[in-house]
Every structure is written in structure tokens, then in C-alpha cells.
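Participant: Predicted model, plus sequence, below.
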Amino acid sequence: MIDFKSIKLSKRDMLAIYFGVGSLILFILFQFIIYPLIDKEKRLLKDINAKTKILEEVQKLKSEYDVILKKEELLKERFSKRKQGFTLFSFVDSLAGVTGIKDNISYMKPSSTTPKDSQYKISSVEMKIQSLTMDQLTNYLYKIEASDNMVTVKRISISQNSKDENFIDAILQIETIEV
């Protein structure tokens with residue numbers, strides 16, 4: 001074993017040893033304590049920023065989800081207001097009678113589709129109406145869209161009547177969702 005007391009060093013050598021030991025202690029302190037703490041703080045700040053962005057995205061998705069739930073409740077409420085046994089074909093036909101254009105209907109073609117993975121059915125009616133005025137068509141379209149039965153006009157094609165220029169012909173595609 002080395003006896004440090006018996007070793008005689010000059011002041012300069014002692015300063016060099018103290019400087020070396022101090023440097024070694026500082027190196028160990030920085031390398032194993034201070035730098036890891038700084039790196040950990042940087043990682044934590046980076047993680048906080050990432051988690052904050054995720055939280056903002058979750059809050060955005062939550063608000064979108066809440067809007068969808070409100071729309072679903074509104075649709076359920078409107079579905080419940082429909083008459084029992086509602087069919088789009090009979091609704092469109094009776095509305096044509098109410099607006100006075102039933103005699104102008106050339107044809108009505110009902111159809112329905114069920115989208116994949118859905119509990120709802122999309123029911124549609126394509127109809128051709130001939131020799132009617134713009135006011136009659138406007139009134140009919142308004143009554144379709146303004147009804148509480150969630151019926152919409154998906155497509156419309158209007159042309160001038162070939163026999164009388166004062167009248168128009170229209171082909172309508174009307175849709176609704178049925179449970």
C-alpha cells in the first residue's frame with residue numbers, strides 16, 4: 001500500500017494534483033449529474049410539447065364527436081316525428097296532389113340502397129314532371145325541402161317544354177333516409 005504521508009511533493013506538484021482531482025470531480029459531476037439532468041429536462045419538455053399537441057387533437061376530436069352526437073340526437077328526434085309507416089314514394093305522390101301537379105307526372109321510379117355497414121336505408125324516387133310552370137315547380141320543391149320528413153332533392157334537371165315555351169319539364173331525384 002502506498003503511504004501518501006511519506007511522499008514529499010512540491011507546492012507546484014500539489015497544485016497540479018489538486019487541479020487534476022478537481023478536474024476529475026468536475027468531469028464526473030458534469031458527465032454523470034448535470035448533463036443527464038439537462039438532457040432529461042429537454043426530453044421532458046419535448047414530451048410535454050408532444051403530449052400537448054396530442055391533447056389538443058383529442059379535444060378537437062371530442063368537440064367534433066359532440067357535434068356528431070348532437071346531430072344524431074336531432075336526427076333521431078326528427079325520425080320519431082315521422083308518421084308510422086312513412087314511405088318516400090307515398091310522400092312525394094301525396095305532395096304532388098297537394099301542390100296540384102299530380103296530373104303532370106310522367107313517371108315515378110322508386111329505388112332503395114343500403115350502404116355497407118349501415119343500419120339505415122337510402123330511399124329515392126326519380127320522377128319526371130312535364131308541362132308545369134316555374135312557380136309550380138318552386139312550390140313543390142319548397143314543400144319537399146321544408147317538410148319535417150328529412151327529404152331532400154338530390155338532383156334536378158330542368159328543360160323547356162318542347163310543346164309550349166311557357167312551361168318547363170323537370171326530372172327530380174328525391175332522397176331520404178329510412179330506418
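Facilitator: That came through, no problem. Residues are numbered from 1 along each chain as shown.

Participant: now the helices for this structure?
Facilitator: Under the criterion DSSP state H, the chain carries helices at the ranges 11-29, 35-81, 88-99, 134-146.

Participant: avg pLDDT for the third one?
Facilitator: For helix 88-99, the mean per-residue pLDDT is 93.

Participant: List the buried residues for it?
Facilitator: For helix 88-99, the buried set under the neighbour-count rule, 16 or more other CB atoms under 10 Å, comprises 88-89, 91-93, 95-96, 99. All C-beta atoms are positioned from the backbone trio N, CA, C, and that covers glycine.

Participant: cool, the last one as well?
Facilitator: Applying a neighbour-count criterion of 16+ other CB under 10 Å, the buried positions in helix 134-146 are 136-137, 139-141, 144.

Participant: domain parsing for the chain?
Facilitator: Domain assignment for the chain, taken from automatic domain parsing, gives 9-81, 88-178.

Participant: Pick the most buried one from the ones you listed.
Facilitator: Looking across the domains of the chain with neighbours counted as mean count of other CB atoms under 10 Å, the highest average goes to domain 88-178: a mean of 15.

Participant: Pull up the distance across that domain, start to finish.
Facilitator: Chord length of domain 88-178, first to last residue, is 9 Å (CA to CA, to the nearest Å).

Participant: what residues are up against residue 13?
Facilitator: Under the criterion of CB atoms under 8 Å, 6 or more residues apart in numbering, the contact list for residue 13 is empty.

Participant: now the protein, which segments are flagged as low pLDDT?
Facilitator: Within the chain, the set of residues satisfying pLDDT under 70 comprises 1-5.

Participant: separation between the residue nearest to the spatial centre of it and residue 13?
Facilitator: The centre of the chain sits closest to residue 64, judged by CA atoms, centre = their mean, with a distance of 6.3 Å. Separation of residue 64 from residue 13 (CB to CB, to the nearest Å) stands at 74 Å.

Participant: Please apply the same query to residue 127.
Facilitator: Computed with CB to CB, the distance linking residue 127 and residue 13 is 109 Å.

Participant: Right, I'll call it a day here.
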